[in-house]
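Student: using only what follows, build the 3D model:
(one chain, ligands or ions: 2)
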Amino acid sequence: MDALVARAVDRLRSARHVAALTGAGISIESGIPPFRGKGGLWERFDPMEIAHIDAFLADPALVWRVLVKELKDIIDRAQPNDGHKGLARLEAMGILQTVITQNIDGLHQLAGNTDVIEFHGSFAWQRCLQCDQRVETRKVDASVLPPRCRCGGILRPDAVFFGEMIPPAALWRSQEVAARCEVMLVIGTSAIVQPAASMPIIARQSGAVVIEINPEPTPLTGVISNYLIQGKAGEVMNGIVSGLESTTARTEGGLDFRP
Ligand code: NAD
Ligand code: ZN
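Tutor: Numbers count the residues shown, from 1 in each chain. Ligands and ions are numbered 1, 2, ... in the order given. As a prediction, the model looks like this:
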């Protein structure tokens, strides 16, 4: 892992355009469970079903009770971890420009990143199904479910449910950022939710070096990504940040999945 961290540091140091694509994995160390894999919170319901727009429209009170309220309580308490802080540090160092995130938890902004594309929308806001008015989630009274707008309409998270379209502006900008970057860090995403998973493909096809940070290999590993730094987002980002902060340029190589 150390040799690959050093290799990433070298590449990041010389790149002019750097982007990151993050998924639920980067927020696990902040206590927010992912939908898939170990540590999933929802045992009685499949989040892929309950987080579907059809499920919400069929029974908003149920989806609020088992998914939205639970997520609201967790996200309200969550703080950025070393993974988020590392990306904020990279921006402060002038290395990273844009974070494309699939997460709706707002932790990248809280850590200090200023250009965050929220690919799946945000949990910070709720939107009225009837009049489209937005309300800050922290101001929503969730004592009666589903919560309602002043007009009487039902409030829904201003996030993308399964079965819904990606906000077009987020999609277009992400594609542009992916096509322009020289390095893309792909952190904590299983890379199976589309179209987010196609951003590293666009980056690689446009000539970028794609570096994955994940404790597990993904469908990108060895196919799209140049290499995988296998580990938790927090510890790997700490390694990258201290490598970049140290003045000595290190030039060790590392195992590469590329032919
Ligand atoms: P995902 O598909 O992005 O999978 C999580 C990935 O994180 C896995 O590949 C796993 O190996 C990796 N991982 C586990 N621990 C890690 C660590 N410490 N550091 C780095 N990587 C780690 O995410 P999902 O849970 O299947 O979610 C699907 C979609 O649901 C997301 O794209 C997102 O829109 C939404 N979601 C968001 C949040 C959030 O906002 N924090 C949480 C759950 C789900
Ligand atoms: Zn309304």
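
Student: okay, CA-based contacts and neighbour counts for the rest of this
Tutor: Will do.

Student: for the chain, what lies in contact range of ligand 2?
Tutor: Residues of the chain lying near ligand 2 by Cα under 5 Å from the ion: 128, 131, 149, 151, 153.

Student: now with 6 Å?
Tutor: Contacts of the chain with ligand 2, taken as Cα under 6 Å from the ion, map to 128, 130-131, 133, 149-151, 153.

Student: given the longest strand seen in the chain, what are its sheet partners and their directions?
Tutor: Longest strand in the chain, counting residues (DSSP state E): strand 121-128. Using DSSP bridges, the strands paired with strand 121-128 are strand 134-136 (antiparallel), strand 155-159 (antiparallel).

Student: what lies in contact with whatever helix or strand comes next after the longest one?
Tutor: Secondary structure here is assigned by DSSP states H and E; on that basis, the next helix or strand after strand 155-159 toward the C-terminus is helix 168-180. Counting by Cα atoms under 8 Å, 6 or more residues apart in numbering, helix 168-180 makes contact with 17, 19, 98, 100, 117-119, 184, 199-200, 202-203, 205-206, all of which sit outside it.

Student: close to ligand 1, is helix 168-180?
Tutor: No. Helix 168-180 stays out of contact with ligand 1 when judged by Cα under 6 Å from any ligand atom, the minimum separation being 13.2 Å.

Student: and the angle from that helix to strand 121-128?
Tutor: 170 degrees (axes from the mean of the first three to the mean of the last three Cα atoms, to 10 degrees).

Student: let me see the mean pLDDT of helix 168-180.
Tutor: On average, the pLDDT along helix 168-180 is 97.

Student: neighbouring strands of the next helix or strand after it in the sheet, and parallel or not?
Tutor: Under the assignment DSSP H and E, the closest C-terminal helix or strand after helix 168-180 is strand 183-187. Partners of strand 183-187 in the sheet, by DSSP bridges, are strand 18-22 (parallel), strand 209-214 (parallel).

Student: can you lay out those strands as JSON lines showing mean pLDDT?
Tutor: Formatted as JSON lines, the strands paired with strand 183-187 follow (pLDDT from 0 to 100):
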{"stretch": "strand 18-22", "mean pLDDT": "98"}
{"stretch": "strand 209-214", "mean pLDDT": "98"}
